[in-house]
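Visitor: Predicted structure and sequence below. I'll ask about it afterward.
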Amino acid sequence: MPVITLPDGSKRTFDGPVSVYNIALDIGSALAKATLAGIVDGKEVDTSFIIENDATLTLITAKDEKGLEILRHSCAHLLAQAVKQLYPTAQVTIGPVIENGFYYDFSYERAFTPEDLEIIEKRMTELTALSQPVTRSVKSRDDAITYFEAIGEKYKAEIIADLSEDEVLSLYSQGDFTDLCRGPHVPNTSYLKAFKLMRVAGAYWRGDSNNETLTRIYGTCWADKKQLKEYLIRLEEAEKRDHRKIGKALDLFHFQEESPGIAFWHPKGTAIWRVVEDYMRASNTKFGCSEIRTPLIADISMWEKSGHAAKYSENMFMTHSENRQYAIRPMNCPTCVQVYNHSLHSYRDLPIRMAEFGAVHRNEASGALHGLLRVRSFTQDDGHIFCSEAQIESEVTQMVEQCFEVYRDFGFTEFDVKLALRPDNRVGSDEIWDKSEKALAEALNNHGVKFDYLPGEGAFYGPKIEFHLKDAIGRSWQCGTIQLDLSMPMRLGATYVDENSEKQVPVMLHRAIVGSLERFIGVLIEHYAGKLPVWLAPIQIVVVGISNKQDEYLQEVEQKLIKFGIRTQIDLRNEKIGFKIREHTLARVPFIGIAGEKEQSLGQITVRKQDGTDLGALSIDALCKLLLAEIGKKCRVNLNN
């Protein structure tokens, strides 16, 4: 008589072995219909799973994050089934869940086309209408290899051949299709009600460029058609906000093949860069960080001592000179330690806070590059704090306060905090990692900061606090980090003399708030859809005349605005005023100043906002006062304009 304990602590007793589905049915028919899978004693299982002994049970529905993952993985199988029916000679490879959806890689005699996707999606819809039961079976590794070889699926057989001989594998079948999978899956295909195939792309088998090129089909799947529609609307809005398109339209930056993954910044883009950098420089000063500059290139021996050469060499650019091997730095941390090591330090000197706008280079795969969001060269707003263990909590607290202040000033009012824990590929002892993870968790808990854990996501040298910002359309962007490091200062010989005149290794806190300036500017452009608030806008006001008779007057206005530090552009082209206004409106300039004979005679200028609001005629002094007030508002803007 198994006793089943539910998440609320209630218990249900059954006369004999019982399935997850029947337990849900015992609670209520509506719940049974909605249940996709269950978690029995911590293990995810199908609804058909039989519980024979006392156990804890959590039911999974489409409202749960795990439920959405199950829907998406099941939809990947549905995609593969449809492809096999329509294109029998196609071979299936892998089909994992990804953010907001799934993909499946296929080997076929030709690449699939967007037109093929329409046909495949139609067949998927037909298969869901059949309500095909999804059933699980198990095979030994050798039996599974034999099975997939017999049906001509050599890629599946190759995947299985790499597993251990004693591995017992689960296979899932629906109709005429069987796939290798851990599961769990939906009870039947009718649960897959809201999906759409999105696009095709190329992919190498097992990610190796020496292998065959496969066709990857991406899709999305949601709990219902309303959620699917909302997602597609978000995608459409994201497309409009694409920083690459806006960057080109506003003449901010460009990329070219001679320097793949490295941006060429134009004057307007550089103006935005300067504002972000100057803001962060002022913030660092406010929070007690002294600015340093360190070399871009260092002998490989430094990177061997720090651990980067062993853990990160494939992402490092190397160079040689005079029989010595050098690395172009992928991170700023080791060179900062050299500044610390250049002097002797007492416990009275701690904490020592250093900040650096350090350019780093990483040899990212060309296929991973994405505008400003994934580049090969970027500048970090790095901070490195050397302190004692007793100072960790106060220093981390101050960093968190700085992060929150910065994000709000840039217009991000919602952000999540996560604590990334030790990865498998790491340096340092378990004792050091235990101490480091505990210190960061206590610093957050003691100051009421809510956070989630990210197992295995820490840096190779220490755990880290991550800040995930939500933009205007609800997307999450991971930007800032605070990392606690007890390994690198030890490896690089950093010490201080404590109150007992003994040498100690300082704690090293790594801090980046905006992270990469390139990426952060890309995020800002998409967050504001290019309509940057006045303080960030590369051109804050453009002044135009009704005719060329106002040219001299406009030049006087321009000089006065510039004298107040207002980024001003003057348009003296012999074009109609309507054309000029429209062009500068499309260029997202926050304010347009217009002068005709009347304004010139009165020493005024008529002011129009980017959203079309007419502020009327103002004296030049009043205009300066208005603009300076707007510039000081920082994030207080209407993102819906």
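Guide: It's in.

Visitor: remind me, longest helix of this protein?
Guide: helix 65-86 (DSSP state H).

Visitor: Could you list the low-confidence segments of this structure?
Guide: When residues are selected by pLDDT under 70, those of the chain lie in 635-641.

Visitor: From Val507, how far off is Leu350?
Guide: Note on Leu350: its distance to Val507, by Cβ to Cβ, to the nearest Å, is 9 Å. For every residue, glycine as well, the C-beta is placed using N, CA and C.

Visitor: More neighbours: which of the two?
Guide: Neighbour count, other Cβ atoms under 10 Å: between Leu350 and Val507, Val507 has more, with 25 against 20.

Visitor: thought that one was touching Leu484?
Guide: Yes. The criterion here is Cβ atoms under 8 Å, and Val507 meets it with Leu484 at 6.8 Å.

Visitor: any shared contact partners between those two?
Guide: Ile392 (Cβ atoms under 8 Å, 6 or more residues apart in numbering).

Visitor: still on that earlier bit, common neighbours of Leu350 and Val507, please.
Guide: With Cβ under 8 Å, 6+ apart, Leu350 and Val507 have common neighbours Phe386, Cys387, Ser388, Gln391.

Visitor: Of those residues - the most surrounded one?
Guide: Ranking the shared contacts of Leu350 and Val507 using other Cβ under 10 Å puts Phe386 first, with 24 neighbours.

Visitor: Now do the SS call for it.
Guide: Three-state call for Phe386 (DSSP: H, G, I helix; E, B strand; the rest coil): strand.

Visitor: Bridged to it, which residues?
Guide: Ile352, Met508 (DSSP bridges).

Visitor: I'd assumed Tyr340 was in contact with it.
Guide: Yes. Between Phe386 and Tyr340 there is a contact under Cβ under 8 Å: 5.6 Å.

Visitor: So what does Gln411 look like in phi/psi?
Guide: Just so we're on the same page, residue 411 is Gly rather than Gln. Backbone torsions of Gly411, given as degrees, to the nearest 10, read phi 100, psi 20.

Visitor: cool, Thr397 as well?
Guide: The phi/psi pair for Thr397 (degrees, to the nearest 10) is phi -60, psi -40.

Visitor: how much space between it and Leu509?
Guide: Thr397 is 11 Å from Leu509, by Cβ to Cβ.

Visitor: between these two, which one's more packed in?
Guide: A direct count of neighbours by other Cβ under 10 Å for Thr397 and Leu509 places Leu509 higher, at 24 against 15.

Visitor: Quick one: residues contacting that one.
Guide: Contacts of Leu509 by Cβ under 8 Å, 6+ apart are 383-387, 392, 395-396, 399, 482-485.

Visitor: go on, Asp105?
Guide: The neighbours of Asp105, taking Cβ under 8 Å, 6+ apart as the test, are Val92, Thr93, Ile94, Gly95, Ala203, Trp205, Leu214, Thr215, Arg216.

Visitor: if we can go back for a sec, only alpha carbons, please: show the longest helix of the chain as PDB.
Guide: The C-alpha trace of helix 65-86 is given here as PDB (Å, rounded to 0.1, in the frame of the first residue of the first chain):
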ATOM      1  CA  GLU A  65       9.000  25.500 -16.300                       C
ATOM      2  CA  LYS A  66       9.800  21.800 -16.400                       C
ATOM      3  CA  GLY A  67       6.500  21.200 -18.100                       C
ATOM      4  CA  LEU A  68       7.400  23.700 -20.900                       C
ATOM      5  CA  GLU A  69      10.700  21.800 -21.400                       C
ATOM      6  CA  ILE A  70       8.800  18.600 -21.700                       C
ATOM      7  CA  LEU A  71       6.500  20.100 -24.300                       C
ATOM      8  CA  ARG A  72       9.400  21.400 -26.300                       C
ATOM      9  CA  HIS A  73      11.400  18.200 -26.200                       C
ATOM     10  CA  SER A  74       8.300  16.200 -27.300                       C
ATOM     11  CA  CYS A  75       7.700  18.700 -30.100                       C
ATOM     12  CA  ALA A  76      11.300  18.100 -31.300                       C
ATOM     13  CA  HIS A  77      10.400  14.400 -31.600                       C
ATOM     14  CA  LEU A  78       7.200  15.400 -33.400                       C
ATOM     15  CA  LEU A  79       9.300  17.400 -35.900                       C
ATOM     16  CA  ALA A  80      11.600  14.400 -36.500                       C
ATOM     17  CA  GLN A  81       8.600  12.100 -37.000                       C
ATOM     18  CA  ALA A  82       7.100  14.500 -39.600                       C
ATOM     19  CA  VAL A  83      10.500  14.800 -41.400                       C
ATOM     20  CA  LYS A  84      10.900  11.100 -41.600                       C
ATOM     21  CA  GLN A  85       7.500  10.600 -43.000                       C
ATOM     22  CA  LEU A  86       7.900  13.300 -45.600                       C
END
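
Visitor: Adjust the sequence numbering to begin at 589 for everything that follows.
Guide: Got it, the first residue is 589 from now on, which makes the last one we talked about helix 653-674.

Visitor: quick one: buried residues of that helix?
Guide: Residues of helix 653-674 classed as buried: 655-673 (neighbour count, 16 or more other Cβ atoms under 10 Å).

Visitor: Same list (the contacts of Leu1097) but as a markdown table, adding distance to Phe905.
Guide: A markdown table is the format used below for the contacts of Leu1097 (distance: Cβ to Cβ, whole Å):
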| residue | distance to Phe905 |
| --- | --- |
| Gly971 | 24 |
| His972 | 22 |
| Ile973 | 28 |
| Phe974 | 28 |
| Cys975 | 32 |
| Ile980 | 34 |
| Glu983 | 32 |
| Val984 | 32 |
| Met987 | 30 |
| Ile1070 | 27 |
| Gln1071 | 23 |
| Leu1072 | 28 |
| Asp1073 | 23 |
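
Visitor: filter the residues you listed to the buried ones?
Guide: 971-975, 980, 983-984, 987, 1070-1073.

Visitor: Closest one of those residues to Thr1156?
Guide: Gly971 (33.6 Å; Cβ to Cβ).

Visitor: quick one: the closest one and Val1102 touch, right?
Guide: No. Using Cβ under 8 Å, Gly971 is not in contact with Val1102, being 11.2 Å away.

Visitor: Who are the packing partners of the helix or strand containing Lys1026?
Guide: Using DSSP states H and E, Lys1026 falls within helix 1018-1033. In this structure, helix 1018-1033 packs against helix 980-997, strand 1003-1008, strand 1052-1058, strand 1064-1073, with contacts taken as 3 or more Cβ pairs under 8 Å, 6 or more residues apart in numbering; DSSP states H and E.

Visitor: For the nearest residue to Ala1047 once chain neighbours are set aside, give its distance to Ala618.
Guide: Leaving aside its sequence neighbours, Ala1047 sits nearest to Gln1071 (Cβ to Cβ, 6 or more residues apart in numbering; 5.5 Å). Applying Cβ to Cβ, the value for Gln1071 to Ala618 is 47 Å.
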